[in-house]
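[1] Coordinates only, no sequence provided:
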Ligand code: SF4
């Protein structure tokens with residue numbers, strides 16, 4: 001998962017991109033970067049770390065020009081190091097081009113092998129670089145034609161922003177896995193993974209960039225071109241369950257309202273007698289409010305989160321993840337003591353965090369602890385840009401709900417059904433990807449990509465090749 005932001009034709013391009021990335025920090029906390037252009041050349045600043053630490057006034061003042069694109073990264077393909085920080089910038093026959101990417105390409109390994117066999121030298125281990133190599137090698141006469149040709153060769157999830165010396169280009173894969181929306185500010189066009197980035201800079205949300213489309217913004221002119229095709233969209237439902245900020249519009253829907261409906265559906269499907277509904281902050285908050293209102297059981301902030309610790313799920317290293325769990329939550333004993341507590345969380349991946357939290361709530365004096373999860377059991381890994389662990393680490397892939405309940409030492413455990421989730425997100429037809437809950441992957445895997453149904457071991461090996469553990 002990553003966050004991308006772009007702006008065209010604005011004298012404060014770099015500053016507004018900096019602010020936009022700040023709003024998208026939750027989508028990636030490993031590295032960040034901005035490229036800007038002033039119709040003569042491109043300027044780039046990128047480094048490991050958070051947006052607030054990487055950019056200072058001096059760095060922003062060097063990012064000249066009225067066009068800019070930026071990126072916040074966490075690694076789902078390629079290592080976590082500065083070489084993989086984006087935007088990635090190349091010089092080719094189409095001039096200097098910078099690229100930001102959110103998503104994962106499922107045929108990146110085979111494309112890379114093929115390019116390397118033809119003499120290509122890669123600067124990074126990120127799948128994103130494959131796009132630039134294909135672009136640079138294209139025999140097409142224009143950058144746009146080369147991009148269209150290149151996007152027809154890559155498979156998987158991509159929301160892209162490209163920058164040249166005078167143009168900002170956006171592109172979204174035909175399945176629409178990852179979000180990308182268009183806004184306006186004082187006559188300038190802005191692009192962002194989520195609309196919360198527009199709110200911060202007082203830009204107006206205009207619409208989603210349609211899947212399959214390339215959008216070219218030069219000055220005030222916008223051109224939209226359809227170059228790709230898919231039988232239907234498969235937007236990532238996990239964006240609404242977990243990843244996106246609740247104050248964002250994602251896929252044209254307010255995330256907060258969706259999560260509230262998930263909580264309400266969870267309460268209808270899985271009632272239990274209790275005294276308190278307690279969210280696991282922050283991502284369980286909206287569903288807990290919905291559960292409380294639907295069930296009539298009082299809501300209480302029985303767990304307080306230390307906001308200066310990163311999200312445990314997002315950290316790529318196991319050591320940091322374990323450390324994070326220990327320090328990020330603290331129970332409010334006065335609220336929990338003697339109470340029958342319903343804990344609401346938005347996902348249960350390995351079960352290790354849930355077990356610690358249940359234990360913590362019991363130690364704070366809770367009489368009963370019932371766990372409710374506002375999505376179905378996660379049984380399959382994601383290959384489209386979300387860093388879910390390997391299948392064998394997903395506790396629900398090999399354990400029943402009863403076994404998981406015993407494992408996390410809760411009095412009861414229940415999940416929202418798939419039907420309940422789809423209804424909460426107002427899904428139309430099969431517009432959403434739900435592969436992590438069903439194991440049904442929406443795109444055929446390319447040659448050489450293991451069949452998820454056949455071999456768990458092959459899947460793990462494939463994952464390891466995408467995201468090597470140091
Ligand atoms: S597999 Fe899950 S996380 Fe990945 S794109 Fe599909 S719904 Fe989203």
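    Sure thing, it's come through. Please read all numbers here as calculations on a predicted model, not as lab measurements. Residues are numbered from 1 along each chain as shown.
[2] drop to CA atoms for contacts and neighbour counts, all remaining ones
    Noted.
[3] Residue 344 bridge partners, please.
    residue 279, residue 372 (DSSP bridges).
[4] and it, how many neighbours does it have?
    The number of residues packed near residue 344 is 28, by other CA atoms under 10 Å.
[5] now residue 26
    Neighbour tally, residue 26, other CA under 10 Å: 21.
[6] Checking my notes, it in a helix, right?
    Yes: Residue 26: assigned to a helix according to DSSP: H, G, I helix; E, B strand; the rest coil.
[7] quick one, what contacts it?
    Listed by CA atoms under 8 Å, 6 or more residues apart in numbering, the contact set of residue 26 reads 244, 245.
[8] and what of residue 306?
    Counting by CA under 8 Å, 6+ apart, residue 306 makes contact with 327, 328, 329, 330.
[9] So which of those is the closest to residue 209?
    Lowest distance from residue 209 to the contacts of residue 306 (CA to CA) belongs to residue 328, with 36.2 Å.
[10] Would you mind listing what in the protein touches the ligand?
    Contact residues, the chain versus the ligand (CA under 6 Å from any ligand atom): 177, 236, 237, 238, 382, 383, 384, 386, 433, 434, 435, 436.
[11] So which of these wins on neighbours?
    In the residues of the chain next to the ligand, the most neighbours by other CA under 10 Å go to residue 177, 29 neighbours.
[12] The nearest residue to it once chain neighbours are set aside bridge partners, please.
    Excluding the flanking residues, the one nearest residue 177 by CA to CA, 6 or more residues apart in numbering is residue 235, at 4.1 Å. Residues in a beta bridge with residue 235, per DSSP bridges, are residue 432.
[13] Where does pLDDT dip in the protein?
    The model of the chain has pLDDT under 70 over residues 75-80, 309-326, 448-470.
[14] try it again with 80
    For the chain, the stretches flagged by pLDDT under 80 are 1, 75-83, 307-327, 446-470.
[15] Does residue 415 touch residue 377 like I think?
    Yes: between residue 415 and residue 377 there is a contact at 6.7 Å, judged by CA atoms under 8 Å.
[16] Which of the residues of the chain next to the ligand fall within strands?
    Counting by DSSP state E, those place 236, 433 in strands.
[17] Dihedrals phi and psi, the residue lying closest to residue 165 once chain neighbours are set aside?
    In this structure, residue 165 finds its nearest non-sequential neighbour in residue 39, 4.5 Å apart by CA to CA, 6+ apart. The phi/psi pair for residue 39 (degrees, to the nearest 10) reads phi 70, psi -10.
[18] give me every residue that touches residue 39.
    Shown in contact with residue 39 (CA under 8 Å, 6+ apart): 65, 165, 166.
[19] Equivalent analysis for residue 105, please.
    Residue 105 touches 127, 128, 154, 155, 156, 157, 158, 383, 384, counting by CA under 8 Å, 6+ apart.
[20] Name the nearest of those relative to the ligand.
    Distances from the ligand to the contacts of residue 105, taken as CA to the nearest ligand atom, are shortest for residue 384 (4.9 Å).
[21] neighbours of the closest residue to that closest one other than its chain neighbours, just the number please.
    Spatial nearest neighbour of residue 384, excluding adjacent residues (CA to CA, 6+ apart): residue 104 at 4.7 Å. By other CA under 10 Å, 28 other residues sit near residue 104.
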